[in-house]
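Trainee: sequence plus predicted model, see below.
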Amino acid sequence: MSEAILYTDSPTMDVRLKIWRFDSTTGDRELKEYEVEAPEWATLLDVLDIIKDRVDGSLAYRKSCRMMICGSCGMRMDGGAVLACKTRMADIVASGRVPTISAMGNLPIVKDLVVDMTPFWSKFRAIGPWLRPGYDRPDDGKEYRISQERMNVIHKESLCINCGCCVSECNAMESDPEFLGPQALAKGMRFVGDPRDAGTVERLEDYNDSHGIWDCTRCYYCNERCPKGVDPRDAIAKLGAESIKHGIDRDMGAKHAKWFVKSAMTTGWLREAELVPKTQGIVSAIKQTGFALELARHGKVPPPFPPHVAERVKEARLLYDLVKEQGRDGALGIVQGEHALARIEFLEEHGARLNAPEIQPGVEPPHAEG
Amino acid sequence: MKQVAYYKGCLASLSAKELDSSTQALAPKVGIELLELETVTCCGAGDIHEAEPDYYLHLNARILAYAEATGAETLMTICNVCTLNLRQANYQLKIDDALRARVNKNLETVGVPPYSGNVEVRHFLWEIAEGEGYELLKQAAHRGLKGLKIAPFYGCQILRPSKILGFEDPDRPWSLERIIEACGGQAIDYPAKVKCCGFPIIQAREETALGELIQPIEQAYEAGADAMVTPCPLCHLSLDAWQSKLKKATGRDFKMPILHLSQLVGVAAGLHDSELKFKRHVVSVDPVLEKLEV
């Protein structure tokens, strides 16, 4: 047993890693391979610690809590952002894979695995991540209490630890570096959905700016990467729904979304030929005439008449009126489905455990048997 | 024959009719009988989910209910966006009994049969990438692709979020490659095959979308691809129709032919011109057909 693991009597494994080393002062870049002995329970962060202690003290990476709370150790493994402290190495070693570790994407690299978080923090600051109090103190002088139902609206967004994993592979930010991005917008939803906050409309106006909500390209990398289950794309959809609920629909993205609603309730199917003028306005649509004609030559602009109408489309219209009466508009329409989505992994088709305990945010789960 | 409720979605009924015709012609050759759904509507394409999410859930519940009424256990999609929207709503309705009860009450009020949660939503890609569909595909693709270099392009919403899609590893997918090889083509590997084509924002944020769109096309082009193939008609529309805009914006004219999945397999299976409808593409597919001497 090597010195590196004197602190444990656990069985060990040989871990091989490749790490992209980078020095921003010289611009030197090199893929180096390391092999170390580590306890079988080791995480990626444990392995990096062993490399730094025993092999190469010049390796740079961030860390602090080692338990998925501080959000410091975001980095890429084989191109996908992970928290190093959450990533166990045993299965990877067993599969024979030699993973490549590199710095997160969409942020400038300072050294090795350390990125400059300045653009991240400035977008975070831009959404105003503080409460703008607008509530009356309860008469009894006690603290202002929020119902569980209201808290559920922002439960997921409150879990964010600002690690940047969602930003790392954001496809929209790669193309538009000014995009506020999934972390900042998810945090924005955390305040828009907070019943104590008085800035809802002002915030939604801000987030509707040209690099805000409607810049999201729905690639779902953020949901895939988030190590805490925040699902930032869903938070952005909540902001879109809240914006439209509050009549903030000047952006082409909002107009585009509203046209689908209109199409569904009138013909059932997308009224495709009218989508461009309804989204961009008539003037802009006319400027696109050349492009549209080229598409039309290949049958890509289906004529609006006669419309393609679904049978029994009246049901879709009646359904619209019915759900509007029931008042689950805005973010609530998404929040109501979150409980089920959180339980997908317990479904039979995802590998048994149908009888997993019912866990609701804020409610103590029943104790497991045995 | 496996009977499936066939949800073609908006584009295959409108600007991408070639996707519908090639799927209809190919399905029986891979053991699938399509049960047409006449009463269903758009899934909302992610837009209704963002504008009126409660309405999104009800519209999708209505689609699932009519699919269930056909007696089929599978609702088969041919579009990534339909797949994600329907699977997401399906999980919400299957798992949350109280939510399903509320939605069903609303469906019944407007005359729609209730949904009991017994339908599985699956993309055509998954039906032919494994199991019996894959075995039949190998027999059906008798004409082959003569080693043509094909770049698989997955797009986003058939891979991510994997919790909801779940068919394959979203970072290391294999299904398209397996089908390309089974048809006698050579699958090209390139990093952007799992990235976004930019379509959802191509009208509201064209510049950002084009910045995304150029990546897969450029990488496939540089890897020597004869054509790209995609399981999504929205990806198809941006990859095919917006190439002229890329040319205008960057000066680069890739002339990259883009095939729907059912067209690629369809060519190898010897489907007719009238079923493949390549004339409906903006970028000419002729160079591919010439190499195949079709």
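Mentor: Cool, got the structure. Residues are numbered from 1 along each chain as shown, chains lettered A, B, ... in the order given.
Trainee: nearest to chain B: which residue in the stretch 201-350 of chain A?
Mentor: Of the residues in the stretch 201-350 of chain A, the one nearest chain B is A:Gly333, at a distance of 2.9 Å by Cβ to the nearest Cβ. C-beta here means a position set from N, CA and C on the backbone, and glycine is covered the same way.
Trainee: list the contacts of B:Leu93.
Mentor: A:340, B:57, B:61, B:64, B:99-100, B:103, B:115, B:117 (Cβ atoms under 8 Å, 6 or more residues apart in numbering or on different chains).
Trainee: list the contacts of the residue of the stretch 201-350 of chain A closest to chain B.
Mentor: Contact criterion Cβ under 8 Å, 6+ apart gives A:241, B:52-57 as the residues in contact with A:Gly333.
Trainee: the same query, at a cut-off of 10 Å, please.
Mentor: The contact partners of A:Gly333, taken as Cβ atoms under 10 Å, 6 or more residues apart in numbering or on different chains, are A:237-238, A:241, A:245, A:323, B:48-58.
Trainee: quick check on the residues you listed: which are buried?
Mentor: Buried members of those, scored by 16 or more other Cβ atoms under 10 Å in any protein chain shown, are A:237-238, A:241, A:245, A:323, B:48-58.
Trainee: mind checking which of the residues you listed land in strands?
Mentor: Restricting the buried ones among the contacts of A:Gly333 to those inside strands, with DSSP state E as the criterion, leaves an empty set.
Trainee: now, which of the contacts of B:Leu93 sits nearest A:Glu205?
Mentor: Lowest distance from A:Glu205 to those (Cβ to Cβ) belongs to B:Leu57, with 27.5 Å.
Trainee: the closest one against B:Ile48, yeah?
Mentor: Yes: here B:Leu57 lies in contact with B:Ile48, judged by Cβ atoms under 10 Å, at a distance of 9.4 Å.
Trainee: overlap in contacts, these two.
Mentor: Overlap between the contact sets of B:Leu57 and B:Ile48, as judged by Cβ under 10 Å, 6+ apart, is given by A:333, B:85.
Trainee: quick check: phi and psi at the closest residue to chain B within the stretch 101-250 of chain A.
Mentor: For the stretch 101-250 of chain A, the residue positioned closest to chain B under Cβ to the nearest Cβ is A:Ser175, at a distance of 3.2 Å. Recorded main-chain torsions at A:Ser175 are phi -90, psi -30, according to degrees, to the nearest 10.
Trainee: what's around it, how many residues?
Mentor: Burial measure for A:Ser175: 23 neighbouring residues, criterion other Cβ atoms under 10 Å in any protein chain shown.
Trainee: I figured it hits B:Glu207, correct?
Mentor: Yes: counting by Cβ under 10 Å, A:Ser175 does reach B:Glu207; the two are 8.0 Å apart.
Trainee: list residues touching both of those two?
Mentor: With Cβ under 10 Å, 6+ apart as the test, A:Ser175 and B:Glu207 both reach B:198, B:201.
Trainee: show the model's pLDDT score for the residue of the stretch 201-350 of chain A closest to chain B.
Mentor: A:Gly333 carries a pLDDT value of 96.
Trainee: over to B:Leu107?
Mentor: Confidence at B:Leu107, expressed as pLDDT, is 98.
Trainee: tell me which helix or strand it sits in.
Mentor: Counting by DSSP states H and E, the element that carries B:Leu107 is helix B:97-109.
Trainee: tell me the buried residues in that helix?
Mentor: The neighbour-count criterion (16+ other Cβ under 10 Å) identifies B:99-100, B:102-104, B:106-107 as the buried residues of helix B:97-109.
Trainee: out of those, who's near chain A?
Mentor: B:99-100, B:102-103, B:106-107 (Cβ under 10 Å from any Cβ of the partner chain).
Trainee: closest one of those residues to A:His308?
Mentor: The closest of these, once distances to A:His308 are taken by Cβ to Cβ, is B:Leu107, at 23.1 Å.
Trainee: tell me the contacts of the closest one?
Mentor: The neighbours of B:Leu107, taking Cβ under 10 Å, 6+ apart as the test, are A:315, A:319, A:322, B:58, B:61-62, B:64-65, B:100, B:113-115.
Trainee: drop anything exposed from the residues you listed.
Mentor: Using 16+ other Cβ under 10 Å as the threshold, A:315, A:319, A:322, B:58, B:61-62, B:64-65, B:100, B:114-115 are the buried ones among the contacts of B:Leu107.
Trainee: now, these that are in helices?
Mentor: Secondary structure of the buried ones among the contacts of B:Leu107 is defined by DSSP state H; positions in helices are A:315, A:319, A:322, B:58, B:61-62, B:64-65, B:100.
Trainee: helix or strand: which one has A:Val261?
Mentor: A:Val261 belongs to helix A:252-266, assigned by DSSP H and E.
Trainee: that helix and chain B, are they touching?
Mentor: Yes: contact of helix A:252-266 with chain B is found when judged by Cβ under 10 Å from any Cβ, involving A:252-265.
Trainee: give me every residue in the stretch 101-250 of chain A lying close to chain B.
Mentor: Along the stretch 101-250 of chain A, the residues adjacent to chain B under the rule Cβ under 10 Å from any Cβ are A:169-176, A:178-179, A:210-211, A:213-226, A:229, A:231, A:233-234, A:236-241, A:243-245, A:249.
Trainee: just give the nearest non-adjacent residue to the residue in the stretch 51-200 of chain B that chain A sits nearest to, would you?
Mentor: Taking Cβ to the nearest Cβ as the measure, the stretch 51-200 of chain B has B:Pro53 as its residue closest to chain A, at 2.9 Å. Computed as Cβ to Cβ, 6 or more residues apart in numbering or on different chains, the closest residue to B:Pro53 that is not its neighbour in sequence is A:Gly333, at 2.9 Å.
Trainee: three-state assignment of that neighbour?
Mentor: Using DSSP: H, G, I helix; E, B strand; the rest coil, the secondary structure recorded for A:Gly333 is helix.
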